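Student: below are the sequence and a predicted model; questions follow.
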Amino acid sequence: MKKILKNNDIVLTGEYLGVVEEYLPDKNSTFIKDGAIYATKTGLINLDMDKRKIEINTHQDEDRKTIKLGDIVIGSILFIRKYSVGLNFYTINKKVHFNSYFFGNVHVSQISNKYIEQISDAFRVTDIIRAKVVEEKENEFDLSTSGKDLGVIHADCTVCGTKFDKIAFGKLECSTCGNMENRKLAYDYGEINEHLRY
């Protein structure tokens, strides 16, 4: 069955996009083989239906490779230390940076306005969080999740891997196994379904 392409669909390098009768390919992000159009890079589809043109946007313009204080980022927690968590982030101010190597830390004092006794009550490895850049260091960034719009936006059950459902403020429950856990949640937890993992 033919895939119907839409703006902002994620495509991978080498993925089939259509035929030259349908779209005018972009020389910088697509190539043609036997009349078929393929992606030359991983990114988001940009369709101009008026011109019938298709291109792949990676959001990696040189001017946005620079992280600034106050930027809002989305990333996945890689590990938890005693007083901080480390994460790789790939979305900056709602723009996806594929193959991103940006790294950040959230210190326990920057997790919430409320006292956090154990980091595991706020975050777990593989949680996807939204955070704000508060300080730049040599090779990484200090981040904060203090604020109602910051914190965990997606979490999977640590027992069975099912996506957690929010049942109360800071409380999650697994609909499959019944496991319940705490998190420092963003107010819109569970409402974001696209561009979460790369």
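Tutor: Alright, I've got the coordinates.

Student: direction included, what does the helix or strand of the chain at the bottom of the mean pLDDT ranking pair up with?
Tutor: Least confident helix or strand of the chain, by mean pLDDT, DSSP states H and E, is strand 95-96 with a mean of 74. Applying DSSP bridges to the sheet, strand 95-96 is found paired with strand 84-92 (antiparallel).

Student: now do the buried residues in stretch 174-185.
Tutor: 174, 181-185 (16 or more other Cβ atoms under 10 Å). (Glycine included, C-beta is placed from N, CA and C.)

Student: can you check stretch 136-146 too?
Tutor: Neighbour count says stretch 136-146 has 141-146 buried, by 16+ other Cβ under 10 Å.

Student: report pLDDT for the residue located most distally from the centre of the chain.
Tutor: For the chain, the largest distance from the centre (Cα atoms, centre = their mean) belongs to D34, which lies 34.9 Å off. D34 carries a pLDDT value of 89.

Student: what does Q60 give?
Tutor: 55.

Student: ok, now the one 5 residues further on?
Tutor: What the model reports for K65 is a pLDDT of 56.

Student: now, which of the buried residues of stretch 174-185 sits nearest K166?
Tutor: Nearest to K166 among those is L185, at 6.5 Å by Cβ to Cβ.

Student: so how far is C174 from the closest one?
Tutor: 15 Å (Cβ to Cβ, to the nearest Å).

Student: where does pLDDT dip in the protein?
Tutor: For the chain, the stretches flagged by pLDDT under 70 are 1-3, 59-65, 97-101, 193-198.

Student: how about the helices in it?
Tutor: Using DSSP state H, the chain contains no helices.

Student: closest to K82 among the buried residues of stretch 174-185?
Tutor: K184 (16.9 Å).

Student: now that closest one, nearest residue through space, not along the chain?
Tutor: A122 (3.8 Å; Cβ to Cβ, 6 or more residues apart in numbering).
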